[in-house]
Structure formats: C-alpha cells, structure tokens
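*Asks:* Provided below are the primary sequence and the corresponding predicted coordinates.
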Amino acid sequence: MTGNFIMLQDGELKAFITEIVQEILNGQKPVEQASLEEEYYTRDQVCDHLHVSTTKLWRMEKDGDIAAYKLGRRSLYSKKAVDELIKSKNVNAKK
C-alpha cells in the first residue's frame, strides 16, 4: 500500500486539527480553548430555564434573541448565552 501517512502521538491530534482549521479559515481569529469546552443546553433544558414553550423559543431564535447551534437535527444553546439572557430579562423587569 502506498501513500502519505501521518503518525501522531497522544495530544498531537488536537493541535493538528486546530492548525488545519486555522489554515482553512485563512488566518481568521484562532479558536480559543474556552470556546471548545463551553457547555450547552438542549432545547428542552432551555425551555425549562426560561419558562417558555418550544414555540416561543423558536420565535426567539428567529428574532435573534438567542442563537441555536445545530448538531445534525439537534439544536444546542450556549449555557453562557442563556444565562446572560436570563440576567438581561431580570434587569428589564426591575426597571
């Protein structure tokens, strides 16, 4: 069997993938480690935290109030963004 093979040791795969992604993005801002380890909520978890229906959550997505990240057919929501949305709604309710 002929061809080019790359042998990687433990821990090198992550660095290699990061390098390839940065090359693809043509030098755009590098991906930070914290963003890769961010926690996400499912649609049902967000509805529970915000006390809204799935229809209201869909409307919030369409209006740009919250961003959904698609993973196949599944929608995921940043825990940080949901918490900030809760805080901003609490501040507006007090005014």
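*Replies:* Here it is on my side, so go on.
*Asks:* please report phi then psi for K70.
*Replies:* Backbone torsions of K70, given as degrees, to the nearest 10, read phi -90, psi 130.
*Asks:* how about V52?
*Replies:* Main-chain torsions, V52, degrees, to the nearest 10: phi -130, psi 160.
*Asks:* that one is in contact with W58, isn't it?
*Replies:* No - counting by C-beta atoms under 8 Å, V52 stays clear of W58, with 9.7 Å between them. The way it works is simple: take the backbone N, C-alpha and C, and place the C-beta from them, glycine included.
*Asks:* avg pLDDT for the helix or strand where V82 lies?
*Replies:* In this assignment (DSSP states H and E), V82 forms part of helix 79-94. Computed over helix 79-94, the mean pLDDT rounds to 73.
*Asks:* check stretch 50-68 too.
*Replies:* The model assigns stretch 50-68 a mean pLDDT of 91.
*Asks:* gap between the two ends of stretch 40-58?
*Replies:* The first and last residues of stretch 40-58 sit 17 Å apart, counting by C-alpha to C-alpha, to the nearest Å.
*Asks:* what of stretch 57-74?
*Replies:* 14 Å.
*Asks:* show me which positions of that stretch end up buried.
*Replies:* 57, 60, 66, 68 (16 or more other C-beta atoms under 10 Å).
*Asks:* contacts only, for the residue nearest to H49 when sequence neighbours are not counted.
*Replies:* Counting by C-beta to C-beta, 6 or more residues apart in numbering, V82 is the residue found nearest to H49 once chain neighbours are left out, at 5.9 Å. For V82, the contact set (C-beta atoms under 8 Å, 6 or more residues apart in numbering) comprises 41, 46, 49-50, 66.
*Asks:* V46 now?
*Replies:* V46 makes contact with 57, 66, 77, 82, according to C-beta under 8 Å, 6+ apart.
*Asks:* same thing with R74?
*Replies:* T42.
*Asks:* and the gap between it and L57?
*Replies:* 14 Å (C-beta to C-beta, to the nearest Å).
*Asks:* can you give me the neighbour number for L85?
*Replies:* 18 (other C-beta atoms under 10 Å).
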